[in-house]
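S.K.: have a look at this prediction, sequence included:
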Amino acid sequence: PTVSDVISEFLEFKAKRTSTAKQQHLTELLEGLRIYFDNSLPVILLYPQERQQFADITKQHPDVPVSKIYGAEHLLRLFTKLPHVLGKARLASVESA
């Protein structure tokens, strides 16, 4: 399954178990995660040997978000990097204040 598939399936699963308000917040959160995935994949999530494949795929499908191409293993890479990335973001926001 692609990243978009995983997110959609999770939202469907949670829709049956949460209130409408919580569902809306969860949808917004996961849409943000998907957008972050699309933007961070080429920068921090690909191994060096995967970069040429990424270039080829995005050239063949320029209008398709990478979250509709790449799968769950790349989403897991994002989850492992998120604590570090968010820590840097928090530090940057504290320094600019």
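M.R.: Arrived safely.
S.K.: name the element the closest residue to residue 68 other than its chain neighbours belongs to?
M.R.: The shortest distance from residue 68 to any non-neighbouring residue, by C-beta to C-beta, 6 or more residues apart in numbering, is to residue 4 (4.8 Å). No exception for glycine: its C-beta is placed from N, CA and C like everyone else's. Assessed by DSSP states H and E, residue 4 sits inside helix 3-15.
S.K.: I'd like to know which elements that helix is packed against.
M.R.: helix 20-40, helix 72-96 (3 or more C-beta pairs under 8 Å, 6 or more residues apart in numbering; DSSP states H and E).
S.K.: would you list those in a markdown table and tack on mean neighbour count and mean pLDDT?
M.R.: Listed next are those as a markdown table, based on neighbours: other C-beta atoms under 10 Å; pLDDT from 0 to 100:
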| stretch | mean neighbour count | mean pLDDT |
| --- | --- | --- |
| helix 20-40 | 14 | 94 |
| helix 72-96 | 11 | 83 |
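S.K.: out of these, which gets nearest to residue 66?
M.R.: helix 20-40 (5.3 Å; C-beta to C-beta).
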